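In: Could you look at this predicted model? Sequence included:
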Amino acid sequence: MRVDRFLSNLPRFNRKQVRLLLVERRITVDGQFVSDPHHPVSEFSRVLLDDEVLQAGKPARYFMLHKPQGCVSATSDPQHPTVLDLLDETDKHELHIAGRLDFNTTGLLLITNDGQWSRRLTQPQTKLPKVYYVETEQDIGPEYAATFAAGLYFAFEDLTTQPAELELLGPRTARLSIIEGRYHQVKRMFGHFDNKVTRLHRERMGPLELDSALAPGRYRALTDAEIQQV
């Protein structure tokens, strides 16, 4: 939200008063004096009028978790443990998952309360790769890579998948990079060849790679450098 709109939404200020406050440089956002009415204000911003707090802001939180099997990528579930159950954090209800994983899929999950950040990470328009290690029931043929690169038609959604990159690691193991997150997408892609995925593990999302020191079920806060990479 623009700072002028933020201030105008407060019942104590009219538009003329807002303009004067900005011109007189009496408003600070996160410690910075602002006069530009277009300056952004988010729910995490600390906004002051002189020394008076207009919005305290709340801390943005970002976590990397190594999702184990048998765990639901959801905030709540009546039957199964959820990934949020693995977090020893306060106010977990404010957090959401950036890019879910299936029940038995393992690997990198990113959890945050910053919706704008998670959208940048997961929207297909940003073209950030999601990289998976895949094991299959049958051998992976040479035609897989060309088919995935050309895109597969999914009748249920009436769409063709974006080009995906397949790296063969062994007869039945591969690394697959996709930029979407369609329903069971990786399994359906291999299912096109009637080849069942027996193990699926997400290694990376965009620039963020799963920390090799994190055991399944463990998590840590992202560093400032990691947050800024997205």
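Out: Looks like it arrived, so ask away.

In: hey, C-alpha coordinates of the biggest strand by length in the chain in PDB?
Out: The longest strand of the chain (DSSP state E) is strand 197-205. Once non-C-alpha atoms are left out, strand 197-205 reads as follows in PDB (Å, rounded to 0.1, in the frame of the first residue of the first chain):
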ATOM      1  CA  VAL A 197       7.400 -42.400  -9.300                       C
ATOM      2  CA  THR A 198       8.500 -44.400  -6.300                       C
ATOM      3  CA  ARG A 199      10.400 -41.500  -4.600                       C
ATOM      4  CA  LEU A 200      10.100 -37.800  -4.900                       C
ATOM      5  CA  HIS A 201      12.300 -35.300  -3.100                       C
ATOM      6  CA  ARG A 202      12.400 -31.500  -3.700                       C
ATOM      7  CA  GLU A 203      16.000 -30.200  -3.500                       C
ATOM      8  CA  ARG A 204      15.600 -26.600  -4.500                       C
ATOM      9  CA  MET A 205      13.100 -23.700  -5.100                       C
END
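
In: List the neighbouring strands of it plus their orientation.
Out: Paired strands of strand 197-205, with direction, are strand 106-112 (parallel), strand 130-136 (antiparallel), strand 208-209 (antiparallel) (DSSP bridges).

In: Run through who's touching it.
Out: Strand 197-205 has contacts (Cβ atoms under 8 Å, 6 or more residues apart in numbering) with 67, 98-99, 101-102, 104-110, 121-122, 128-137, 175, 186-187, 190-191, 209-210. Bear in mind the C-beta positions are built from the backbone N, C-alpha and C, glycine included.

In: Can you tell me which of the residues you listed are buried?
Out: Buried residues within those, counting neighbours by 16 or more other Cβ atoms under 10 Å: 67, 98-99, 101-102, 105-110, 121-122, 128, 130-136, 175, 186-187, 190, 210.

In: Which pLDDT value goes with the residue nearest the centre of the chain?
Out: The centroid of the chain falls nearest to Ala98 when counting by Cα atoms, centre = their mean (2.8 Å). Here the pLDDT value assigned to Ala98 is 93.

In: What are the buried residues along the helix or strand bottoming out on mean pLDDT in the chain?
Out: The weakest-scoring helix or strand in the chain, judged by mean pLDDT, DSSP states H and E, is helix 115-122 (a mean of 89). Judged by neighbour count (16+ other Cβ under 10 Å), helix 115-122 contains these buried residues: 117-118, 121-122.

In: just curious, which of the residues you listed is nearest to Pro81?
Out: Closest approach to Pro81 among the buried residues of helix 115-122 (Cβ to Cβ): Ser118, at 22.0 Å.

In: From Asp50, how far off is the residue lying closest to that closest one once chain neighbours are set aside?
Out: Leaving out its chain neighbours, the residue that sits closest to Ser118 by Cβ to Cβ, 6 or more residues apart in numbering is Ala98, at 3.6 Å. Computed as Cβ to Cβ, to the nearest Å, the Ala98 to Asp50 distance reads 37 Å.

In: Over to Thr75?
Out: Going from Thr75 to Asp50 by Cβ to Cβ gives 39 Å.

In: From the contact counts, what lies against the host helix or strand of Met189?
Out: Per DSSP states H and E: Met189 is located in helix 185-191. Counting contacts by 3 or more Cβ pairs under 8 Å, 6 or more residues apart in numbering; DSSP states H and E, helix 185-191 is packed against strand 130-136, strand 173-178, strand 197-205.

In: change it to 7 Å
Out: With contacts defined as 3 or more Cβ pairs under 7 Å, 6 or more residues apart in numbering; DSSP states H and E, helix 185-191 has these neighbours: strand 130-136, strand 197-205.
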